[in-house]
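J.: got a predicted structure plus its sequence, pasted below:
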Amino acid sequence: MSEELPAWSLSAEAVESIALPEEWPGQVTREWAWGGATGAGARVCVLDSGIETDHPLVGDVQKSVAISIEGDEVIIEDNDTAGDLCGHGTACAGVIRSLAPDCELVSVRVLGAGYTGSGAVLLEGLRWAIAQGYDVINMSLSTTKQKFASLLHELADTAYFRRTMLVASAHNMPVESYPWRFSSVISVGSHEEEDPYQYYYNPAPPVEFFARGVDVEVAWNGGGRLVCTGNSFATPHIAGIAALVLSKHPELTPFQLKSVLYLTATNVGGEK
Amino acid sequence: MSDELRAAVAAGVLGSEDQYRALLQSIVDVARAIFRAKASSILLLDEEADELVFEAAADEASEALIGKRFPSSTGIAGFVLVSRQPLVIEDVLTDPRFSRETAESTGFVPKGLMAVPLLHEERVLGVLEVLDRPQDTRFTLAEMELLGLFASQAAIALDLLQRARRAHEALAGDGELSVISRLAEKLEARREDGSETALRLLAELEQLL
């Protein structure tokens, strides 16, 4: 993704041009951050196994796209009707919907074309999603392949600079995987408590936040519900809260959004 | 030393496939016991066919499961494989589409499932599943960690199994590598007897070459 490169400096007369559109409060509270927000206006993309569109816990899905690769060609199915090939994407979508009921949900399916090539499909799915300018991209997937690391890093940074917040599941096994380890994304691990609004900032990165991820009741295929555990269910909790914040404060950059999440975390300034 | 030559020597001294199978079997047996689960299984990724294959299983229908194949990127095992994320799912029956065909073909429909990827360095080798842990206690992150520890052990065993298979495959013919392999095998056996004659003979041969 090439961009025009301006000079990275700020002249005295240009200072006003970067004036922030809103006063940052002296104390950032949850009430300021998302009080009264419903997620309306925030566009959230779930990069996953697909979303079951008529699930009662998910509601409207604005768009369902499927990514695959044939030879060297990236194929983008603009109107994917395969639904969810696992149930996981539906689960994530349901969690986001429960926190941000009026947000726009989009499914980008990167699962189903086989394991081989799944890293490349993940990369292309993320590239496509970033190009659409979604406010939040929820991704519970990662790759351990070194060869994708630098490309994913570049994409994660591109997202960050274009005001797309990538929220990614941290890996809780002793291996290197990407993109959750990059500092331009929000990485999420699990805590054991039941409150979906309870989340902790982790002062010992790479995992930045802990959210509800144990025994979470989620939507699943066939209009069903399951009780699930895993970092991949903690991730949509942060994605949902991020959608709430962005629906109330759409001007926030990923840096500012991270700061708001930090300041409103349960172990920082958030309500216990 | 070329990889093939290494493989030839390794194949002579490495354990047989049966021994690795026994190791995998032991892992699923212990996983099942530790989690007080009804069943446990290891699925190996067959990269060429892009499928998951049951390699070991500890449950009532275990014999019938071995060798069964499933698509590599659908269902819960497929998601775990592709996402590299462990998942714990309870009350699976409420999902009418939960790998119903897979479950029924194995004669076992689980109420709960823990699935964890088997990761070795950059590669994902397969999936370890533990089915039907008792639901009388709430799942904890400590159990998740235990599951991860088991997966690391299983991944090492699977990696060894795959290496041994590749080594044995490379030596299926009558080429010189096969001779080296047999030589290594015999040397290994001699070593146990404490005989140094063979080693001296080899040293002489090395001089000659």
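T.: Nice, thanks for sending it over. Values in this document were obtained by computation on a predicted structure and should not be read as measured data.
J.: what does the stretch 51-200 of chain A put close to chain B?
T.: A:85-88, A:111-116, A:118, A:122, A:140-146, A:169, A:171-175, A:177, A:190-192 (C-beta under 8 Å from any C-beta of the partner chain). For glycine as for every other residue, the C-beta is placed from the backbone atoms N, C-alpha and C.
J.: now the residues you listed: which count as buried?
T.: By neighbour count, with 16 or more other C-beta atoms under 10 Å in any protein chain shown, those hold A:85-88, A:111-115, A:118, A:122, A:140-145, A:169, A:171-173, A:175, A:177, A:190-192 as buried.
J.: which sections of the chain are below the confidence cut-off?
T.: Assuming you mean chain A. Scanning chain A with the threshold set as pLDDT under 70 gives A:1-6, A:22, A:272.
J.: right idea, wrong chain: chain B
T.: Counting by pLDDT under 70, the ranges of chain B that qualify are B:1-15, B:60-63, B:92-109, B:170, B:172-175, B:191-195.
J.: can you show me the helices along it?
T.: With DSSP state H as the criterion, chain B has helices at B:3-13, B:17-34, B:62-65, B:75-83, B:100-105, B:141-170, B:176-193, B:197-208.
J.: name the helices or strands packed onto the second one?
T.: Think helix B:17-34. Packed against helix B:17-34 by the contact rule (3 or more C-beta pairs under 8 Å, 6 or more residues apart in numbering or on different chains; DSSP states H and E) you find strand B:39-46, strand B:51-58, strand B:123-131, helix B:141-170.
J.: dump the C-alpha coordinates for it into PDB.
T.: Provided in PDB are the C-alpha atoms of helix B:17-34 (Å, rounded to 0.1, in the frame of the first residue of the first chain):
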ATOM      1  CA  GLU B  17       7.300 -46.000  14.100                       C
ATOM      2  CA  ASP B  18       5.700 -48.300  16.700                       C
ATOM      3  CA  GLN B  19       7.700 -46.700  19.500                       C
ATOM      4  CA  TYR B  20       6.500 -43.200  18.500                       C
ATOM      5  CA  ARG B  21       3.000 -44.400  18.200                       C
ATOM      6  CA  ALA B  22       3.300 -45.800  21.700                       C
ATOM      7  CA  LEU B  23       4.500 -42.300  22.900                       C
ATOM      8  CA  LEU B  24       1.600 -40.600  21.200                       C
ATOM      9  CA  GLN B  25      -0.800 -43.100  22.700                       C
ATOM     10  CA  SER B  26       0.700 -42.500  26.100                       C
ATOM     11  CA  ILE B  27       0.200 -38.800  25.700                       C
ATOM     12  CA  VAL B  28      -3.500 -39.100  24.900                       C
ATOM     13  CA  ASP B  29      -4.000 -41.600  27.700                       C
ATOM     14  CA  VAL B  30      -2.400 -39.300  30.200                       C
ATOM     15  CA  ALA B  31      -4.300 -36.200  28.900                       C
ATOM     16  CA  ARG B  32      -7.500 -38.200  29.300                       C
ATOM     17  CA  ALA B  33      -6.700 -39.200  32.800                       C
ATOM     18  CA  ILE B  34      -5.400 -35.800  34.000                       C
END
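J.: neighbouring contacts of that helix?
T.: With contact meaning C-beta atoms under 8 Å, 6 or more residues apart in numbering or on different chains, helix B:17-34 is reached by B:37-42, B:55-59, B:128, B:130, B:146, B:150, B:153-154, B:157-158, B:160-161, B:164-165, B:168.
J.: which of the residues you listed are buried?
T.: For the contacts of helix B:17-34, a burial check counting by 16+ other C-beta under 10 Å picks out B:37-42, B:55-59, B:128, B:130, B:146, B:150, B:153-154, B:157-158, B:160-161, B:164, B:168.
J.: pretty sure residue A:89 contacts residue A:46?
T.: Yes: counting by C-beta atoms under 8 Å, residue A:89 touches residue A:46, with 5.5 Å between them.
J.: common neighbours of those two, please.
T.: Residues touching both residue A:89 and residue A:46 (C-beta under 8 Å, 6+ apart) are residue A:107.
J.: quick one: residue A:79 from chain B, how far?
T.: As judged by C-beta to the nearest C-beta, to the nearest Å, residue A:79 and chain B stand 20 Å apart.
J.: before we move on, the earlier item: ok, and of the buried ones among the contacts of helix B:17-34, which contact chain A?
T.: Counting by C-beta under 8 Å from any C-beta, the subset of those that neighbours chain A is empty.
J.: next, count neighbours for residue 71.
T.: You didn't pick a chain, so chain A it is. 6 (other C-beta atoms under 10 Å in any protein chain shown).
J.: if you could check chain B rather than the one you did, that'd help
T.: By other C-beta under 10 Å, 17 other residues sit near residue B:71.
J.: bridged to it, which residues?
T.: Note on residue B:71: beta-bridge partners by DSSP bridges are residue B:51.
J.: please look at it and residue B:79 and confirm they touch.
T.: No: with contact defined as C-beta under 8 Å, residue B:71 does not reach residue B:79; the gap is 11.5 Å.
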